[in-house]
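In: A predicted structure for the sequence below; I have some questions about it.
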Amino acid sequence: AQKVTQAQTEISVVEKEDVTLDCVYETRDTTYYLFWYKQPPSGELVFLIRRNSFDEQNEISGRYSWNFQKSTSSFNFTITASQVVDSAVYFCALSGPGANSKLTFGKGITLSVRP
Amino acid sequence: DAGVTQSPTHLIKTRGQQVTLRCSPKSGHDTVSWYQQALGQGPQFIFQYYEEEERQRGNFPDRFSGHQFPNYSSELNVNALLLGDSALYLCASSFSRLGSGEQYFGPGTRLTVT
């Protein structure tokens, strides 16, 4: 069985602060994929990143960076110099090896960035 | 290039009624998955359709059923609605030949059962 845990439920920061969103996962698959999605108030899930289990290289995209550590089954997401537009609910998700494998989501983290 | 579209946007139904939600996948995608997102929770997988057949199913009762049409669009049907069925229903599409598991989501249908 797959499981994703996002222990933080709500985070509030002031604009320009850095913030890290934690994600811990459980799976018995040796091949799997990890995702982060952003859900603004409009409701649509916006894809941010996908990582496969064989690629532990950290990734940076603008103000966003991701730290994948297989040893601790974690896939953390850091926003540098946060902005008000970053306010949203962020979900970490896990899928198995198949092309059409279902996504298992965490409960999400509500990030509020105050001006 | 049109993304995933869903209709209707909002829906209000009464307990015991039946509802049909619709989804058109992103151009080039052949697989549609449905998710239920209760308030304050992460999306939960309902089922997935590929080649007009249900291929995977999550832990949802038989009141939840679906269909996929030859043009890859899909419907989600829920019978005998319960108050607990109130949620945001998300449709996601993907391409079966792409092994990455990446799914593109629509804006969702917000269902309220009174």
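Out: Yes, it's here.
In: could you use CA atoms for every contact and neighbour count after this?
Out: OK.
In: contact residues of chain B facing chain A?
Out: Within reach of chain A by CA under 8 Å from any CA of the partner chain, chain B has these residues: B:31, B:33, B:40-45, B:48, B:56, B:94-102, B:104-108.
In: helix or strand right after the lowest-mean-pLDDT helix or strand in chain A?
Out: Within chain A, no helix or strand scores below strand A:59-61, which has a mean of 85 by mean pLDDT, DSSP states H and E. Using DSSP states H and E, the helix or strand that follows strand A:59-61 in sequence is strand A:64-69.
In: about what we covered before: now the buried members of the residues of chain B next to chain A.
Out: Among those, those classed as buried by 16 or more other CA atoms under 10 Å in any protein chain shown are B:31, B:33, B:42-45, B:48, B:94-96, B:100-102, B:104-108.
In: related to what we said a few turns ago, among the residues of chain B next to chain A, which are in helices?
Out: Among the residues of chain B next to chain A, DSSP state H puts none in helices.
In: all strands for chain B, in order.
Out: Assigned by DSSP state E, the strands in chain B fall at B:5-7, B:10-13, B:19-24, B:31-37, B:44-50, B:53-57, B:64-68, B:74-78, B:87-94, B:104-105, B:109-113.
In: what parts of chain A come near chain B?
Out: A:33, A:42-47, A:50, A:52, A:91, A:95-108.
In: which of the residues you listed are buried, as a PyMOL select command?
Out: Selection command for PyMOL covering only the buried members of the residues of chain A next to chain B, criterion 16+ other CA under 10 Å:
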select buried, chain A and resi 33+43+44+45+46+47+50+52+91+95+96+97+98+99+100+101+102+103+104+105+106+107+108
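In: contact partners for the residue nearest the centre of chain B?
Out: With distances taken as CA atoms, centre = their mean, B:W34 lies nearest the centre of chain B, 3.0 Å away. B:W34 makes contact with B:F45, B:I46, B:F47, B:Q48, B:L76, B:Y89, B:L90, B:C91, B:A92 under the criterion CA atoms under 8 Å, 6 or more residues apart in numbering or on different chains.
In: at 6 Å what do you get?
Out: Counting by CA atoms under 6 Å, 6 or more residues apart in numbering or on different chains, B:W34 touches B:I46, B:F47, B:L90, B:C91.
In: tell me the pLDDT of the last one.
Out: In other words, B:C91. You'll see B:C91 listed with a pLDDT of 96.
In: how about it: what's its closest non-neighbour residue?
Out: Spatial nearest neighbour of B:C91, excluding adjacent residues (CA to CA, 6 or more residues apart in numbering or on different chains): B:W34 at 4.6 Å.
In: bridged to the one you found, which residues?
Out: B:F47, B:C91 (DSSP bridges).
In: ok, back up a step: tell me the strands beside the least confident helix or strand of chain A, with direction?
Out: strand A:64-69 (antiparallel).
In: what's the angle between the helix or strand just after the partner strand and strand A:64-69?
Out: Toward the C-terminus, strand A:64-69 is succeeded by strand A:74-79 as the next helix or strand (DSSP H and E). For strand A:74-79 against strand A:64-69, the angle by axes from the mean of the first three to the mean of the last three CA atoms, to 10 degrees is 160 degrees.
In: which residues sit against strand A:74-79?
Out: For strand A:74-79, contacts defined as CA under 6 Å, 6+ apart pick out A:18-24, A:63-68.
In: same thing but 7 Å
Out: With contact meaning CA atoms under 7 Å, 6 or more residues apart in numbering or on different chains, strand A:74-79 is reached by A:18-25, A:63-69.
In: likewise stretch B:47-67?
Out: Residues outside stretch B:47-67 that contact it (CA under 7 Å, 6+ apart) are B:30-34, B:45-46, B:68-70, B:74-80.
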